[in-house]
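# Sequence and predicted structure below; questions after.
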Amino acid sequence: MVRAGKEKEKESSVVKSEKLKMKKTKDLKPLETQLQDQDTPNISDSDSDSDSDSDYDVDFSEDDGSESEDYESLRDSETGRSDSSQDEGDVDTGDNDGLANDHSNEEQSESSDVHPGVEESDSSEDEVAPRNTIGDVPLEWYQDEKHIGYDITGKKIKKKEREDKLQSFLASADDSKNWRKINDEYNDEVVELRKEETKLIRRMLAGKAPHADFDPYAPYVDWFKWDDAKHPLSNAPEPKRRFIPSKWEHKKVVAYRRAIRKGLIKFDKPKEEPPVYLLWGDESNSTEKSGHLAYIPAPKPKLPGHEESYNPSSEYIPTQEEINSYQLMYEEDRPKFIPKSFTSMRNIPAYENAVKESFERCLDLYLCPRVRKKRINIDPESLKPKLPSRKDLRPYPTSCYLEYRGHTDAVLSVSVEPSGQWIASGSMDGTVRVWEVETGRCLRVWNVDEAVKCVAWNPVRELPILAAAVGPDVFILNTGLGNEEEQERIRELINVKTTTSPDDSDNTASIASWHQDDKHSGIRLRHFKSVSSVEWHRKGDYLSTVMPADILFKHHLAIVVHQISKKLTQRIPFKLHGLPVTSVFHPTRSIFFIATKKNVRVYELVKQKLIKKLETGLREVSSIAIHPAGDNVIVGSREGKLCWFDMDLSSQPYRTLKCHPKDITSVAFHRSYPLFASCSDDCTAYVFHGTVYSDLNQNPLIVPLEILRGHKSSNGRGVMDCKFHPRQPWLFTAGADSVIKLYCH
Amino acid sequence: MGKHYRPPGKKKEGNAARYITRSQAVKHLQVNLPLFRKLCILKGVFPREPKKKVKGNHHTYYHLKDIAFLQHEPLLETFRETRVYDKKIKKAKAKKNEERAKRLETQKPNYKLDRLIRERYPKFIDALRDLDDCLTMVHLFAALPALEREKVEVKRVHSCRRLSHEWQAYISCTHKLRKVFVSVKGIYYQAEVQGQKITWLTPHALQQVLTDDIDFNVMLTYLEFNETLLAFVSCHLYHSINVKYPPILDPRLEALAADLYALSRWFAASTRAPLVDPQASSLSGSEQGQGQNKETSLEESELRLAQLQQQLPSNEPGALMHLVEDVAGEDEEDEDTKECKKLFRNMKFFLSREVPRESLLFVIPAFGGMVSWEGDGAPYDENDDDITHQIVDRPSQTRKILSRDYVQPQWIYDCVNARIILPIEGYLVGRVPPPHLSPFVDNDAQGYVPDYAETIKRLQAAAKNQLLPLPGVGREDLEDPQSLLAEGVIDRAEANEAAERKRQMMTLRKQYEDEIKIELQGASAEDMEVGEESLPDLQQVAEDTTNMSKVMMPRKKRGLLEAIMKGKQRKQDHVNLLKERKKKIEERQNSKYT
């Protein structure tokens, strides 16, 4: 018996220890909750009367079999849920001891009382609060007392009457379930273990988890989300400092308080307008210079005119057609403001662009670059250069004195005999005519059947012969003027003995061939291409011809020089640059001018080298003339510009005169008077005064004198050529209207 | 190697060193573009045109010295600080921390522009010279509604109104106004202050049209400067006539939008005090100054009002106006001012409801007239027997008082511009008034004189001859232009035309004489031919001479001459167009009558 009793005690101690374990290990909770849940209805009863322990026992035992089964099925699911929630709660509290846990559970149950619906509260941990309140003290202390302790109200719990051993033995022998009963010494009662509990104990003894359903190897559910964190959040308790007001803050507050009291810090200062005072009080002081860039005041907006009035006079208001026509204009040209009229002031509407115009003015003020510009308010007369009076520069040709009629087509060229008694002219109608200057009588006519491009008198007075360019031929014609002696010489001179070309070189052979022309009693110089101009050397022996050849075909032979006395032809020893237009001999020295389309090149014939290149800057040179002194050159161009070159000064034009609106066809210098002329396709000829001073420092004086009109335009061409009389200030002009005119002073 | 290659180590020279482009300048100053713009506006820095544009033609160039000038501006630092505060405020607002936002707003660094004004305009006269745009802008903003969206605050608009009224009050009370022109765009005024002609434009007092393509930031920056400038200028001007500057106005009149009248009263009050007892006034001024510190503004204004009421014989507006007239002081007035002052003397005007009151309240006293209007606070009411003219702008006036004339407002403006009292016949109620002509145009220089300008000229001449201008006489003159011609009133354009006609006559005559001479001489047939050919070419000859002189001109001068000629031609074309239109209109009218 003793042994049995001891065993019981052992068992009970085991159970106790198990209980403790159960408290510690969360794994046991499902069971505990079960226990507790079953008990809860009883607890309230037992609390009410402390003495009904036996009832409790009885109830307990009775419940055992019948109802527990269906409870289980119910509770299992619920506990499953509560389990998980409990789990978390447990982890949170962690190391808290059981008491604290109980306490919290009680509180929770109290709170759960408020909500009666929620039965399966978290008060699962402890089934019933132990009846005895003595705590965990050795029970030996109560050995000799009649009570075993105190209940919650402070009343003594009396010890039960102890059955003697025999009786208990008998009872145990009778009761088949006696082995299940355990004496709870602490509460002094007998607890009967139920079937499940015994199973639990057995499992525990076997070293297994107490509950059958428990899976010790369940997959681990991590409660912490590791968002790239190395460690879980600290579980450390809040430090004390977090609950204590900061000392430094306090100090700062004190400092602020003091500052406010002293008036160092002011709140809600009213924003005051900056005061207005006499800024320019002392004017005398403000004379100091700013030392900055000069201020350029913005131009003031334009003041309104009559048309901006609300009621302008009726002529300022455009008609409807005019307003419509504005739409056809370019937007820039369109008037920005269209005048309107209102009959009275009350009818004036708000101006729709008022704000916009102000804004635009602002933009102008800060965006537009400002420059100080001198307002040009000059009389246009003052712009005109001060020229000497034309009256002082007389004589010069002013009006048409004579006309030479006879040609039937445009007169392309005119030439004056060096004595000034005769002129020769070549025309499109294929005739060369010689006229007497003073009477206008036609002296002689040669019919050459082809347009005569150019005629030129020999400059030597004793040799009255004429060169005429007709197609590819150049005729040397004997005019039959002069006395017998001269005629003799001429006849001798223009007699070509052998019609074949001279055989000194291959080159010259191909250039030109010399023939005797019996029909016109002269020489016929045949070229490979049509000749555009003929020019005599001052000594009358040499003759240069220009063939405006294209640049690929025998370009180097475009200008050739013929010698009458030896009947010789030679090409010029210079390389040609560009297309030659005309060529001229220097009036006194052995210098040769070749005008190409852009430039004029000046060659020394003796040394055979280039001495100057005159850059005209013109688009296309058409004609050239040399001043009789030889240092000044005028060049006419197809754009109507006339360039005066002072060759001593520079290779750039000294002056460019834009006088004609159309092509200049010819320019000419007077041999003795300071005059020069230009004629153009616009049917006019300009006469200029051009004095060249011997003093090198003084620039030539150029004065336009007269515009000579009279020719009529035909086929878009006007005056084709102009030449001065060698002794008188007279000008001959050859017109496209087949008339030659003589202008006299 | 580029065209502008600069070897390394060699410093930049010339325009490349002196001018930088705008983006370079912005980068150099380390500010953003809006701030740069603001700085430029406040400092009056503008782009300049270098002789050679190193960076290209499509850039704007600033002088390096100008940029350095901006860089040393203390405002730059202030703006940077302001920017920091703005960021903080924005953040606070985003966090719904209104209180902090408000506090930060109060702590934002403030800046003043008086130093800048002194810097830009070292002399007062310089400021006056540049006042045109300033006045136009302030007057425009005075007429604008407050725009929340565009940051145009009510305060700004009110201050603009106040400033514009202060300016007008000064001009009016010192009789400095010279010309007024009512245009479609608004009313132009021209005043002459210290020899400077200042012209400004006030918009019509109607709702202004606002379009989207306006950057109000730019305008507000200008306005900020202009307000300050105008305040200082007004202060200077007020002090020059011994009036205390920030005028304290009768709140009752202010509420009735009769600021100008209130201001004129203030003028009268403050100038009357020194007349009576200069010491006392100064004392009271100083006392007031002390008081200002202590008392609240309301109390102070009340006090001031009480003083005003004491000083003023409030029921006698006539006396008041005379007082105002005396204000200017006769000592240093020029001829013009005297003339202007006398124009409406002994005339009493009354404005109906529908006329532009502010403008007329400004103009009439400026020319010495007395004026009242319909409404509260007016100096006298409509039934006053002394009223000589009532300004009315309605189709018809039903109730008429015989002792006064009912005229349209244009009459006032035309009188002002002509400086004489014009006959009122054309301006009576219900009639279409004669054309309103711009006083800013020199008709003779333009080459075209409108009819009404001529009649005005005649009337002026008549008024000069007869010292007492009577409207009746003027009318007679109008009807009898012959007498005027006899007086020798021919204007310049007419004279020019006459001269031209004379010249043409002369040439014709000469031609005729030449012909006769040739015939008399009985010259040879050839000569005859030539003569006949050349004679009709007189024009040709003239053309030739101009052509020949043109031939000798250098290209630059020729271009210039052509440009001048083109400009003249354009002007002439315009005049011809006007004449043609007028002819057509006259023809139409004649055909109507017949």
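Done, it's in. Residues are numbered from 1 along each chain as shown, chains lettered A, B, ... in the order given.
# State the number of residues packed around the spatially closest residue to residue A:493 that is not a sequence neighbour.
The shortest distance from residue A:493 to any non-neighbouring residue, by C-beta to C-beta, 6 or more residues apart in numbering or on different chains, is to residue A:564 (6.2 Å). The way it works is simple: take the backbone N, C-alpha and C, and place the C-beta from them, glycine included. Summarising burial for residue A:564: neighbours were counted as other C-beta atoms under 10 Å in any protein chain shown, giving 22.
# Same question for the one 3 residues further on.
Residue A:567 has 18 neighbouring residues, counting by other C-beta under 10 Å.
# doesn't residue A:493 make contact with it?
No - using C-beta atoms under 8 Å as the test, residue A:567 is too far from residue A:493 to be in contact (9.5 Å).
# Pull up the overlap in contacts between the two.
The contact sets of residue A:567 and residue A:493 do not overlap (C-beta atoms under 8 Å, 6 or more residues apart in numbering or on different chains).
# just to revisit the earlier point, quick one: pLDDT of the residue nearest to residue A:493?
Taken from the predicted model, the pLDDT recorded for residue A:564 is 85.
# tell me the contacts of it?
The neighbours of residue A:564, taking C-beta under 8 Å, 6+ apart as the test, are A:476, A:493-494, A:523, A:540-543.
# Check residue A:653 too.
Contact analysis of residue A:653 by C-beta under 8 Å, 6+ apart lists A:614, A:616-617, A:635, A:643-645.
# before we move on, back to that, least trustworthy position among the contacts of residue A:564, going by pLDDT?
Looking across the contacts of residue A:564, the weakest pLDDT belongs to residue A:494, with 78.
# what's the nearest residue to that one if we skip its chain neighbours?
Taking C-beta to C-beta, 6+ apart, and ignoring the residues beside it in sequence, residue A:494 has residue A:523 as its nearest neighbour in space, at 5.1 Å.
# wouldn't that neighbour be in contact with residue A:512 here?
No - taking contact to mean C-beta under 8 Å, the distance of 10.7 Å between residue A:523 and residue A:512 leaves them out of contact.
# hmm, back to that, quick one: the contacts of residue A:564 as a markdown table, columns for secondary structure and neighbour count too.
Converted to a markdown table, the contacts of residue A:564 look like this (DSSP: H, G, I helix; E, B strand; the rest coil; neighbours: other C-beta atoms under 10 Å in any protein chain shown):
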| residue | secondary structure | neighbour count |
| --- | --- | --- |
| A:476 | strand | 24 |
| A:493 | helix | 19 |
| A:494 | coil | 19 |
| A:523 | strand | 24 |
| A:540 | coil | 19 |
| A:541 | coil | 16 |
| A:542 | strand | 19 |
| A:543 | strand | 22 |
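# Would you enumerate the residues in contact with the nearest residue to residue B:451 once chain neighbours are set aside?
Spatial nearest neighbour of residue B:451, excluding adjacent residues (C-beta to C-beta, 6+ apart): residue A:313 at 6.7 Å. Applying C-beta under 8 Å, 6+ apart, one finds that residue A:313 lies in contact with A:306, B:435, B:437, B:450-452.
# neighbours of the residue of the stretch 101-250 of chain A found nearest chain B, just the number please.
Using C-beta to the nearest C-beta, the single residue of the stretch 101-250 of chain A nearest to chain B is residue A:249, 18.6 Å away. Other residues within reach of residue A:249 by the criterion other C-beta under 10 Å amount to 9.
# Which helix or which strand is home to it?
In the assignment (DSSP states H and E), residue A:249 maps to helix A:247-262.
# Could you count how many residues lie near residue B:125?
For residue B:125, the number of neighbouring residues by other C-beta under 10 Å comes to 14.
# Could you confirm it falls within a helix?
Yes - secondary structure of residue B:125 (DSSP: H, G, I helix; E, B strand; the rest coil): part of a helix.
# hey, where'd the strands end up in the stretch 251-400 of chain A?
A:399-405 (DSSP state E, counting those that start in this stretch).
# in it, which spans are helices?
All helices of the stretch 251-400 of chain A, identified by DSSP state H, counting those that start in this stretch, fall at A:320-328, A:354-367, A:380-383.
# deepest of these, which one?
Each of the helices of the stretch 251-400 of chain A was given a mean neighbour count from mean count of other C-beta atoms under 10 Å in any protein chain shown, and the largest, a mean of 18, is that of helix A:354-367.
# residues in contact with residue A:612?
With contacts defined as C-beta under 8 Å, 6+ apart, the neighbours of residue A:612 are A:601-602, A:647, A:651.
# try 10 Å this time
The neighbourhood of residue A:612, defined by C-beta atoms under 10 Å, 6 or more residues apart in numbering or on different chains, consists of A:591, A:593, A:600-604, A:633, A:645, A:647, A:650-651.
# any idea whether it is helix, strand or coil?
strand.
# picking up where we left off before, please read off the pLDDT at the residue of the stretch 101-250 of chain A closest to chain B from the model.
Listed pLDDT for residue A:249 reads 94.
# That one and residue A:258, how far apart?
Between residue A:249 and residue A:258 the distance, using C-beta to C-beta, to the nearest Å, works out to 15 Å.
# How is chain A divided into domains?
What the record gives for chain A is the domain set A:2-205, A:309-341, A:391-744, from automatic domain parsing.
# Start and end of the second one, how far apart?
It stands for domain A:309-341. Across domain A:309-341, the terminal residues are separated by 8 Å (C-alpha to C-alpha, to the nearest Å).
# Now for the residue of the stretch 501-650 of chain A found nearest chain B, which secondary structure element holds it?
When C-beta to the nearest C-beta is the measure, the stretch 501-650 of chain A has its nearest residue to chain B at residue A:642, with 8.7 Å between them. Using DSSP H and E, residue A:642 falls within strand A:641-646.
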